[in-house]
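> Build the 3D model from these lines:
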Amino acid sequence: MGLNCGIVGLPNVGKTTIFSALTSTPAEAANYPFSTVKPNVGIINLPDERLDKIAAIFKPRKVVPAVVEFVDIAGLPKGASTGEGLGNKFLSHIRQVGVIAHVVRCFENEDVVHVTGELNPLSDIEIVNIELALADLETVENRKERLEKIRKTSDRDALKETKDLIELLEKLKEGLENGIPARLLGLTNEQAALISDLHLITMKKQIYICNVDEGGLKSGSKYIDAVKAHAEKEGAIAIPLCGKLEAEISLFETAEEREEFLKEAGLEESGLIKLMHSGYNLLGLRTYFTAGDPEVRAWTFRDGDKAPKAASVIHTDFEKGFIRAEVYHYDDLMKYGTEQKIKEAGKFRVEGKEYLVKDGDIMHFRFNV
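Coordinates of the predicted model:
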């Protein structure tokens, strides 16, 4: 389990530049639409200073961070949902991700072609969101058509099972036809579960990335303000970052060099690191750690998971044969310095199957299969 994030947007908004900065590897990019046909995929370590501090105490032979997968999906032009610019192929890749990072161009540059000929972030957002909604509408209509055929049978059980789902699909259809993303239709958890197998794009949580120039990053702009206001209406978030600056940061080999560069640029944190943590939190993902002489590792689990479920991310046998979890918290390790002193302070606990794992827990599982 981990964060899986798809980077989308119109052509030439800076998606591939941002992806390259994230992965520190070059990806295909050019100053014209549709230069990126196949999605680029990159696996990136999730920065977490807690992991480094735990490792400094245990001095393990190996340190393994949590990871984030980013997928750079080719630019979505107007008409993508009907195949314009190979749009259908691109849209199929989006269905596989957990969070959508929607890159919006918020900088002026005559040397970089804008696909519509005019810089208008809200219009750009609308074009992409309409294409995503139209793609979902086709999916909903196809499913509804199949269920309507089932309703015509004399099978009463089939009629009963399909009634609620058809009503839900009708609600989705009406909303999507009016440009309302599925995630904003107020569906209950039960309703969302009913349509989970449709993998609707507009059900996915979305982060707006305002790709700005260095001036906009420091002083803001009307374009950033417009995107932030739009995101707020949707209950989403907007993160300003400078793709060009992030690309420069990615060239430095050490964390110290990157920190010094950020300091000189007047920034506390890389926008891309903020993006990763924002996506992690949006999906309700949390981190626990395992620590010992051979290895210190970060593990990703979902907020609300009980100990056996959290243990399953290590191996399914851990959940099947779960006996107990030995637990203490990162904060206690920082306070007391060693496991022995944590035990002496009474902060080392033995927890059972009903224990709700907390972000920052350091755990050792006992199991038997």
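
> Export only the CA atoms of stretch 117-127, formatted as PDB.
Output of stretch 117-127 as PDB, limited to C-alpha atoms (Å, rounded to 0.1, in the frame of the first residue of the first chain):
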ATOM      1  CA  GLY A 117      -3.800  30.500 -27.000                       C
ATOM      2  CA  GLU A 118      -4.800  32.300 -23.800                       C
ATOM      3  CA  LEU A 119      -3.700  32.000 -20.200                       C
ATOM      4  CA  ASN A 120      -6.800  31.400 -18.100                       C
ATOM      5  CA  PRO A 121      -6.300  28.900 -15.300                       C
ATOM      6  CA  LEU A 122     -10.000  28.500 -14.500                       C
ATOM      7  CA  SER A 123     -10.800  27.800 -18.100                       C
ATOM      8  CA  ASP A 124      -8.000  25.300 -18.200                       C
ATOM      9  CA  ILE A 125      -9.400  23.600 -15.100                       C
ATOM     10  CA  GLU A 126     -12.900  23.500 -16.600                       C
ATOM     11  CA  ILE A 127     -11.600  21.900 -19.900                       C
END
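
> Just give me how far that stretch sits from the chain centre.
23 Å (Cα atoms, centre = their mean, to the nearest Å).

> Let me know the average pLDDT across it.
Confidence for stretch 117-127, expressed as mean pLDDT, is 90.

> buried sites along it?
Across stretch 117-127, burial judged by 16 or more other Cβ atoms under 10 Å covers 120-121, 124-125, 127. Glycine gets a C-beta too; all of them are placed from N, C-alpha and C.

> Show only the entries of those found in strands.
Among the buried residues of stretch 117-127, DSSP state E puts none in strands.

> from those, which ones fall inside helices?
Restricting these to those inside helices, with DSSP state H as the criterion, leaves 121, 124-125, 127.

> Now distance to residue 194 too, for those, in JSON lines please.
Below are those laid out as JSON lines (distance: Cβ to Cβ, whole Å):
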{"residue": "121", "distance to residue 194": "35"}
{"residue": "124", "distance to residue 194": "33"}
{"residue": "125", "distance to residue 194": "29"}
{"residue": "127", "distance to residue 194": "30"}
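
> which one of the residues you listed sits closest to residue 237?
residue 125 (13.9 Å; Cβ to Cβ).

> that older thread, so which pair among the ones in helices among the buried residues of stretch 117-127 is furthest apart in space?
121 and 127 (10.8 Å).

> Quick check: residue 317 is in a helix.
Yes - using DSSP: H, G, I helix; E, B strand; the rest coil, the assignment for residue 317 is a helix.

> out of everything not next to it in sequence, what's closest to it?
residue 369 (4.8 Å; Cβ to Cβ, 6 or more residues apart in numbering).

> Quickly note the distance from that neighbour to residue 306.
Distance, residue 369 to residue 306, using Cβ to Cβ, to the nearest Å: 18 Å.

> For those two, indicate the residue with more neighbours.
residue 306 (18 against 10; other Cβ atoms under 10 Å).

> mind pulling up the phi and psi values for that one?
phi -80, psi 170 (degrees, to the nearest 10).
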